[in-house]
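Quick check, what structure comes out for this input:
(one chain, ligands or ions: 1)
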Amino acid sequence: MPPPIIITAAVTGSVTAASDSAYLPVTHDAIVDAAVTSWRAGAAVIHLHARRADGEPTQDVNEFRELVRRIRETGCEAILNLSTGSAGGRAGLDERLDCLELRPEMATLDCGSMNFGDERVFTNPFHWLRKAAGRMRELGVRPEIEVFDTGMIANGLRLIEEGLIDGPGAWQLCLGVRGGAPADLVTVAHMLSRLPLGAQWSLLGVGRHQLPVNLISVGFGGHARTGLEDNIYFRRGELATSNGQLVRRLVGLAAACDRPVATPDEARALLGISGDVLTGSR
Ligand code: ZN
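Now for the predicted structure:
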């Protein structure tokens, strides 16, 4: 039996603007609806960024609290994976960790600094990675080790060696961002060869790379991330009309390859999470 595939839906992000796609959820109502719809379509993990009422990305813990509360109120059982990113360069290093106080089951940990597109530098110094991983350990938050390039894998391994993250770890390899690892087979193979034995690995591709990178995951035993954070198109020239549409396509690809889609509880077991499903905190 092929291994189960954990599908993560990244529903809104912090880079794409409402003006890029009318289908991008940016209000709280729309983000909650996208999370619940994606979970119903087969996503075991919902990766969340917060936005203010006007759609502006933020790391404000109060916006995260409201989103988490409203999503849980619907009975949604998906793992909630909160971003500790910079809200598109708006949040400082300390504020980025405030959302951990909500004790989400999972949070991202971006394991290195890099050029992010043409204008931004995504800053994640190692001293901050130590602090972030340590805080996640104290609060029982499972880090998703996000790497955008091979050197960041070395940083993740160092955090495991230092005892700040339980190995072999839950890894998200992010491909195709300008300034990071390109979305090609040789790069994926090399990056996978650097992960610890038994690591849980997921791939994401941004923009036009999303679908081919999903296919690599489905075909070769990995987990996969989709959603409008990473890509707003369903196919060339045609906007995706919802996160659910992208999740449903990925579920279909998994079915074609006999990959059972992991339920949230199956994903918890694979990722090393034991949480209170309905409150999202322990
Ligand atoms: Zn994100």
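
per-residue pLDDT, Ala53?
On the pLDDT scale, Ala53 is placed at 89.

Helix, strand, or coil at it?
Of the three states, Ala53 takes coil according to DSSP: H, G, I helix; E, B strand; the rest coil.

what's the burial count for it?
If you count neighbours by other C-beta atoms under 10 Å, Ala53 ends up with 10. Yep, even glycine has a C-beta here, placed from its N, CA and C like the rest.

list the contacts for it?
Ala53 makes contact with 27-28 under the criterion C-beta atoms under 8 Å, 6 or more residues apart in numbering.

how about stretch 95-107: buried residues?
Within stretch 95-107, the residues that qualify as buried by neighbour count (16 or more other C-beta atoms under 10 Å) are 95-100, 102-107.

To clarify, my last question referred to stretch 261-280.
Buried-residue list, stretch 261-280, by 16+ other C-beta under 10 Å: 261-262, 264, 267-268, 270-271, 273, 275, 280.

ditto for stretch 167-185
Those would be 168-177, 180-181, 183, for stretch 167-185 by 16+ other C-beta under 10 Å.

What of stretch 120-127?
Buried residues in stretch 120-127 (16+ other C-beta under 10 Å): 122, 124.

Mind listing residues that contact it?
The contact list for stretch 120-127 (C-beta under 8 Å, 6+ apart) reads 85-86, 88-89, 93, 110-116, 148, 155, 158, 179.

can you tell me which two in the residues you listed are farthest apart?
For those, the maximum inter-member distance is 27.1 Å, found between Gly88 and Arg158 (C-beta to C-beta).

So these two - more neighbours on which side?
With neighbours defined as other C-beta under 10 Å, Gly88 and Arg158 compare such that Gly88 has more, 19 against 16.

leaving aside the residues next to it on the chain, what's closest to that one?
Distances taken as C-beta to C-beta, 6 or more residues apart in numbering put Ser14 closest to Gly88, at 4.4 Å, once the chain neighbours are dropped.

give me every residue that touches the one you found.
Counting by C-beta under 8 Å, 6+ apart, Ser14 has contacts 49, 51, 57, 83, 85-88, 90, 229.

No more questions from me, cheers.
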